[in-house]
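**Q** Mind looking at a prediction? Sequence and model below.
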There are 2 protein chains.
Amino acid sequence: MTRTERLLTLLQVLRTYRHPVSGQRLAERLNISLRTLYRDIATLQAQGAEIEGEAGIGYILKPSFFLPPLMFSQIEIDALLLGTRWVSQYGDEPLSKAATDALSKIIEVLPINIKNGMNTFALRVGPPMQESLTKENLTILREAIRGQKKIHLNYQSQEGKRSQRIVWPFTIGYFTDGRILVAWCEKQRDYRHFNTSRIISAEILNDRYPRSRDNLFREWQAAQLSKSSRKLARKN
Amino acid sequence: MTRTERLLTLLQVLRTYRHPVSGQRLAERLNISLRTLYRDIATLQAQGAEIEGEAGIGYILKPSFFLPPLMFSQIEIDALLLGTRWVSQYGDEPLSKAATDALSKIIEVLPINIKNGMNTFALRVGPPMQESLTKENLTILREAIRGQKKIHLNYQSQEGKRSQRIVWPFTIGYFTDGRILVAWCEKQRDYRHFNTSRIISAEILNDRYPRSRDNLFREWQAAQLSKSSRKLARKN
DNA sequence: AATACTACTGCCATTTTTTGGCAGTATAGC
DNA sequence: GCTATACTGCCAAAAAATGGCAGTAGTATT
């Protein structure tokens, strides 16, 4: 294994630990000496990896991702850039900022002749959409989804009726003119879509919901599909 | 310079050549022996770089991009993925395919715990938009833009009037419900927007247009800005 | 057909980089 | 104070990378 390859492996290994892990253990898993491991860690940190090491504790990696070298064709780069620009225009604030950051990271390393191929753009039409919540709220939803936590939702329906419920959020849908939170509703015992602009408040509960997010997502998707096929059947 | 660094440099150098370049020259530019250069080329090819070497000719790199290792935070990855999904839904066919390809390249290398954070999606609302042209046509436009070539445009206006003109294309705008080609029109001596669904045919001419694409882009952008500020002024 | 130029490979001695071990310092938690 | 751990400097040993050379083969030019 080349040193370069091993460095990427080290990150992968680090990522599998949720709690601090000692350099000794890491060195054993990689079949290298402790001395070499310390050197490797230093190299990764120099390259921008957010590895935290504390004497007496061990190492822990901040949740971030080290994208290994990848080949993209010109048009694939175009697609990545256009997509990221779209998110920076239409995403909620924290996501939009993240898109801008990612974009500048990529553009920074683009050679000039590829940069010249950047011939697409996504423009916002009309005013930015309004969130009823403070700008942090979609972040709350994202956090809940990531941690598979239940949330207590205070919601106002399209007809203006207010309701309180506990739901299991698992995905957010982005559209040009709005965003929806998709979740399993404990009250209705079914999947429900919530327009994020009508969410009055959301509070993360300590309870993890009992099913996996992926699982819910797939079941919901399947249900959507069968719904639209029933619609088609009625039409014919 | 580490070997790893040098490999990236080699790609950068290769990219600066439009015509085949001999290994000898490359070796000189990198201050390495010819023997080592051959080894480096082999390594890059093994990693997926599309470098073509022919005896008696030299090396030429297919227009593609080698993204060096980059750190992204969780939310930045979310933004990249959501954007790419959006393009795969709303882009024209070749671009959409490129987005899908780029997406799978990225997902392939994502570690499981980051993959789990993929909690966003972009859904198409309504049927895919229609291109009047064959699916290759946006590719033609992209090619022309990339090469800064004039094109002969056969266009039908919103009111149904047909026209023929020579334009200097420099960017394509993507919207949820349509795409526009932005170009300088030789006939009108001004910038014009063309809805791609009403382009009847487009033909790349051999003439390069005399100004740089970036230049046109910036001038057009500035004009757009002053236009919208005039609009605002009239409103007030 | 001859020539020049080039890609590409195998071999091997030399050079450079990487590695592992050891000794030592510093800090956190108990 | 004790233990576990991060982290550094030094150096010899091991491994990887390098450069030179000789040779094969393909392409373009004359």
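**A** Looks like it came in fine. Numbering: from 1, shown residues only, chains lettered A, B, ... in the order given.
**Q** what residues does the host helix or strand of A:Phe65 touch?
**A** Under the criterion DSSP states H and E, the helix or strand holding A:Phe65 is strand A:64-67. The contact list for strand A:64-67 (Cβ atoms under 8 Å, 6 or more residues apart in numbering or on different chains) reads A:8, A:11, A:44, A:47, A:49-50, B:67, B:69-74, B:77, B:106, B:109-111, B:114. The C-beta positions use only the backbone N, C-alpha and C, and glycine is treated the same way.
**Q** taking the residues you listed one by one, which sit in helices?
**A** If you go by DSSP state H, those have A:Leu8, A:Leu11, A:Leu44, B:Gln74, B:Ile77, B:Ile106, B:Val109, B:Ile114 in helices.
**Q** Show the contacting residues for the first one.
**A** If I follow you right, that is A:Leu8. With contacts defined as Cβ under 8 Å, 6+ apart, the neighbours of A:Leu8 are A:Phe66, A:Pro68, B:Pro69.
**Q** where does A:Gly160 sit relative to A:Ile200, distance-wise?
**A** Look at A:Gly160 and A:Ile200: by Cβ to Cβ, to the nearest Å, they are 12 Å apart.
**Q** Between the two, tell me which one has more neighbours.
**A** Each of A:Gly160 and A:Ile200 had its neighbours counted (other Cβ atoms under 10 Å in any protein chain shown), and the higher figure belongs to A:Ile200 (14 against 7).
**Q** can you map out the helices along chain A?
**A** Taking DSSP H as the test, the helices found in chain A are A:3-15, A:23-30, A:34-46, A:74-90, A:93-109, A:112-115, A:137-147, A:213-235.
**Q** what's the angle between the top strand by length along chain A and helix B:74-90?
**A** Longest among the strand segments of chain A by residue count, using DSSP state E, is strand A:162-175. On the basis of axes from the mean of the first three to the mean of the last three Cα atoms, to 10 degrees, strand A:162-175 is oriented at 70 degrees to helix B:74-90.
**Q** Report the buried residues of strand A:162-175.
**A** Taking 16 or more other Cβ atoms under 10 Å in any protein chain shown as the basis for neighbour counts, the residues of strand A:162-175 that come out buried are A:Arg165, A:Ile166, A:Val167, A:Trp168, A:Pro169, A:Phe170, A:Thr171, A:Ile172, A:Gly173, A:Tyr174, A:Phe175.
**Q** Now that strand - C-alpha only, CSV.
**A** Extracted as CSV, the C-alpha positions of strand A:162-175 are listed here (Å, rounded to 0.1, in the frame of the first residue of the first chain):
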residue,chain,number,x,y,z
ARG,A,162,-53.1,24.9,13.6
SER,A,163,-52.0,21.5,14.9
GLN,A,164,-49.4,20.0,17.2
ARG,A,165,-47.9,16.6,16.6
ILE,A,166,-45.0,14.4,17.1
VAL,A,167,-43.4,13.2,13.8
TRP,A,168,-40.4,11.2,12.6
PRO,A,169,-38.6,13.4,10.0
PHE,A,170,-36.5,11.7,7.4
THR,A,171,-36.1,13.9,4.4
ILE,A,172,-36.5,17.4,3.1
GLY,A,173,-37.6,18.1,-0.5
TYR,A,174,-36.4,21.1,-2.3
PHE,A,175,-38.4,22.8,-5.0
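**Q** what's the average pLDDT for that strand?
**A** Taken as a whole, strand A:162-175 carries a mean pLDDT of 92.
**Q** so it versus helix A:137-147, what angle?
**A** Relative orientation of strand A:162-175 and helix A:137-147, computed by the same axes, to 10 degrees: 80 degrees.
**Q** By mean pLDDT, point me to the weakest helix or strand of chain A.
**A** Comparing helices and strands within chain A by mean pLDDT, DSSP states H and E singles out helix A:112-115 as the least confident, with a mean of 62.
**Q** Next, count neighbours for the closest residue to chain B within chain A.
**A** Closest residue of chain A to chain B, Cβ to the nearest Cβ: A:Gly83 (2.8 Å). A:Gly83 sits with 33 neighbouring residues when counted by other Cβ under 10 Å.
**Q** That one against B:Asp78, yeah?
**A** No. Here A:Gly83 does not reach B:Asp78: they are 12.0 Å apart, not a contact under Cβ atoms under 8 Å.
**Q** hang on, the earlier thing: which among the contacts of strand A:64-67 end up buried?
**A** Buried by 16+ other Cβ under 10 Å: A:8, A:11, A:44, A:49, B:67, B:69-74, B:77, B:106, B:110, B:114, out of the contacts of strand A:64-67.
**Q** from the residues you listed, which two are the most distant?
**A** Within those, A:Leu44 and B:Ile106 form the most distant pair, 20.2 Å apart (Cβ to Cβ).
**Q** And for A:Leu141, the neighbour number?
**A** Burial measure for A:Leu141: 26 neighbouring residues, criterion other Cβ under 10 Å.
**Q** whoops, A:Thr36 was the one
**A** For A:Thr36, the number of neighbouring residues by other Cβ under 10 Å comes to 14.
**Q** Contacts only, for it.
**A** Residues touching A:Thr36, when contacts are defined by Cβ under 8 Å, 6+ apart, comprise A:Ala27.
**Q** How about the one 5 residues further on?
**A** By Cβ under 8 Å, 6+ apart, the contact list for A:Ile41 reads A:Leu10, A:Gly23, A:Ile51, A:Gly53, A:Tyr59.
**Q** could you redo the last one with a cut-off of 7 Å?
**A** Residues touching A:Ile41, when contacts are defined by Cβ atoms under 7 Å, 6 or more residues apart in numbering or on different chains, comprise A:Ile51, A:Gly53, A:Tyr59.
**Q** Give me the neighbour count for the nearest residue to the last one once chain neighbours are set aside.
**A** Across the structure, with Cβ to Cβ, 6 or more residues apart in numbering or on different chains as the measure, the residue nearest A:Tyr59 apart from its sequence neighbours is A:Gly53 (4.9 Å). Using other Cβ under 10 Å as the criterion, A:Gly53 is surrounded by 15 other residues.
**Q** repeat for the one 3 residues further on
**A** Burial of A:Gly56 is recorded as 6 neighbouring residues (other Cβ under 10 Å).
**Q** returning to what we had before: quick check, the residue nearest to A:Tyr59 in contact with A:Leu61.
**A** No. Contact between A:Gly53 and A:Leu61 fails when scored by Cβ atoms under 7 Å: they sit 10.2 Å apart.
**Q** which parts of chain A sit against DNA strand C?
**A** Taking Cβ under 7 Å from any atom of the strand as the test, the list of chain A residues beside DNA strand C reads A:3, A:6, A:31-33, A:35-36, A:39-40, A:54-57.
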